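Asks: structure for this input, please:
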Amino acid sequence: MKTGIITSNAYQYHDTGPGHPEQIARVSVIIDKLKQYSNKNILWKKPSIISEGIIKDTHDASYVNLVKNSFPAKGFSSLDGDTIISPGSKRATFDAAGSIISAIDGVQNREFKNAFCSVRPPGHHCSQNKAAGFCILNNVAIGAKYLLNKYKYKKIAIVDFDVHHGNGTQDIFYDNKNVLFISTHQYPYYPGTGSDKEKGKFNNICNIPLPAGTNSEEYLNAFEFALNKLKKFQPEFILISAGFDGHKADPLAQLKLDTNDYYEITRRIMETSKNFSNGKVVSILEGGYDLQALQDSAKRHVDALIEFN
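Replies: Coordinates of the predicted model:
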């Protein structure tokens with residue numbers, strides 16, 4: 001089987017203004033790199049048109065209505081201090097959320113074995129009712145709720161290796177025994193959450209806070225805690241919040257990972273989980289702000305997905 005790559009042109013219309021780190025080129029450089037692959041390994045697919053009902057399974061109805069009506073007719077607006085929107089942001093936002101639905105359906109229907117959604121804006125800082133940190137809808141949380149509601153899974157794991165804590169995802173699933181949320185992240189750092197004392201109502205939150213300067217060996221040693229948590233939980237489907245801003249070249253954080261670490265992180269997730277999730281893995285782009293590091297790291301992430309087809 002193949003690895004699905006879910007993307008559309010909509011990301012190009014989400015203009016965040018000059019100098020904003022969450023820029024259009026973040027997705028275009030990844031797509032350019034992945035198009036160098038032989039077609040036999042990859043199946044390209046567009047996002048689904050996502051229904052409002054699916055979004056409202058994750059986000060408060062009042063927030064969804066606020067978002068729908070917030071996109072300006074021209075120029076720029078903002079949903080919080082960091083989250084800038086423009087006229088084309090609406091299409092990009094709903095395509096990003098639709099991408100994880102398309103990816104999940106593709107895995108379920110055996111169109112491909114696993115998938116990576118190369119989209120923006122990212123999502124993991126967005127809670128039920130608040131945009132934050134460049135995030136407008138929580139794409140990975142929407143995917144997890146979809147798996148629970150549409151496909152009736154009982155155990156979903158979300159692994160978030162973005163350098164920033166996925167506080168929005170944690171908030172959404174803090175009291176949900178069916179979802180295990182695992183996050184490795186620089187701590188203390190934006191958004192200020194993610195201590196190892198935040199465990200969830202059902203011990204379903206696993207935070208692995210790491211100090212600035214953490215190198216590859218230290219990170220991968222710590223990541224064993226995540227893998228052990230996966231083994232214990234035995235999820236039926238795994239979603240990955242794939243942020244590549246832990247790379248040593250990234251300007252927004254201070255972890256010291258190398259490009260090939262993202263291959264190794266992904267390979268270990270796949271290897272650990274193949275016996276209980278049967279390789280059902282969908283990942284979606286979160287952070288990563290050095291374009292060269294982002295491009296190369298995302299490629300290595302997809303390399304590992306392809307190996308497990």
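Asks: tell me how far the residue lying closest to Pro122 once chain neighbours are set aside lies from Ala293.
Replies: Nearest residue to Pro122, sequence neighbours excluded (C-beta to C-beta, 6 or more residues apart in numbering): Glu286, at 4.4 Å. The way it works is simple: take the backbone N, C-alpha and C, and place the C-beta from them, glycine included. Distance, Glu286 to Ala293, by C-beta to C-beta, to the nearest Å: 14 Å.
Asks: do the same with Asn275
Replies: 32 Å.
Asks: Pro188 too?
Replies: 23 Å.
Asks: okay, those two: which has more neighbours?
Replies: Ala293 (22 against 13; other C-beta atoms under 10 Å).
Asks: would you confirm that that one contacts Leu252?
Replies: No. Ala293 is not in contact with Leu252 according to C-beta atoms under 8 Å; the separation is 11.3 Å.
Asks: neighbours around the residue nearest to Pro122, how many?
Replies: Counted with other C-beta under 10 Å, Glu286 comes out at 29.
Asks: now Lys68
Replies: Quick note: Lys68 (other C-beta under 10 Å) scores 13 neighbours.
Asks: element containing the nearest residue to it once chain neighbours are set aside?
Replies: Spatial nearest neighbour of Lys68, excluding adjacent residues (C-beta to C-beta, 6+ apart): Lys90 at 7.6 Å. Lys90 belongs to helix 89-108 when assigned by DSSP states H and E.
Asks: for that helix, which positions count as buried?
Replies: For helix 89-108, the neighbour count (16 or more other C-beta atoms under 10 Å) marks 89-107 as buried.
Asks: likewise for stretch 149-159?
Replies: Tyr153, Lys155, Ile156, Ala157, Ile158, Val159.
Asks: how about the fifth one, phi and psi?
Replies: When read as degrees, to the nearest 10, the backbone of Ile158 gives phi -120, psi 120.
Asks: and it, bridged to which residues?
Replies: Phe181, Leu239 (DSSP bridges).
Asks: so what's it up against?
Replies: 140-141, 144, 166, 169, 173, 179-182, 238-241 (C-beta atoms under 8 Å, 6 or more residues apart in numbering).
Asks: closest one of those to Lys35?
Replies: Nearest to Lys35, judged by C-beta to C-beta, of the contacts of Ile158 is Ile240 at 21.6 Å.
Asks: quick revisit: mind giving me the packing neighbours of the helix holding Lys90?
Replies: Helix 89-108 is packed against strand 3-6, strand 42-45, strand 114-117, helix 139-149, strand 237-242, strand 281-285, with contacts defined by 3 or more C-beta pairs under 8 Å, 6 or more residues apart in numbering; DSSP states H and E.
Asks: and of those, who's closest to Asp303?
Replies: strand 3-6 (9.5 Å).
Asks: which SSE is immediately downstream of the closest one?
Replies: Strand 3-6 is succeeded, C-terminally, by helix 25-34 (DSSP H and E).
Asks: with only the CA atoms kept, save that following helix in PDB.
Replies: Presented in PDB, the C-alpha positions along helix 25-34 are these (Å, rounded to 0.1, in the frame of the first residue of the first chain):
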ATOM      1  CA  ALA A  25       6.200  28.800   2.200                       C
ATOM      2  CA  ARG A  26       6.000  26.400   5.100                       C
ATOM      3  CA  VAL A  27       3.800  24.100   3.100                       C
ATOM      4  CA  SER A  28       5.100  24.800  -0.400                       C
ATOM      5  CA  VAL A  29       8.600  23.700   0.500                       C
ATOM      6  CA  ILE A  30       7.300  20.400   1.900                       C
ATOM      7  CA  ILE A  31       5.200  19.700  -1.100                       C
ATOM      8  CA  ASP A  32       8.100  20.600  -3.400                       C
ATOM      9  CA  LYS A  33      10.300  18.100  -1.600                       C
ATOM     10  CA  LEU A  34       7.700  15.300  -1.500                       C
END
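Asks: ok, Ile24 - contacts?
Replies: Counted by C-beta under 8 Å, 6+ apart, Ile24 has contacts Tyr11, Gln12, His14, Asp15, Arg120.
Asks: if we use 7 Å, what do you get?
Replies: Tyr11, Gln12 (C-beta atoms under 7 Å, 6 or more residues apart in numbering).
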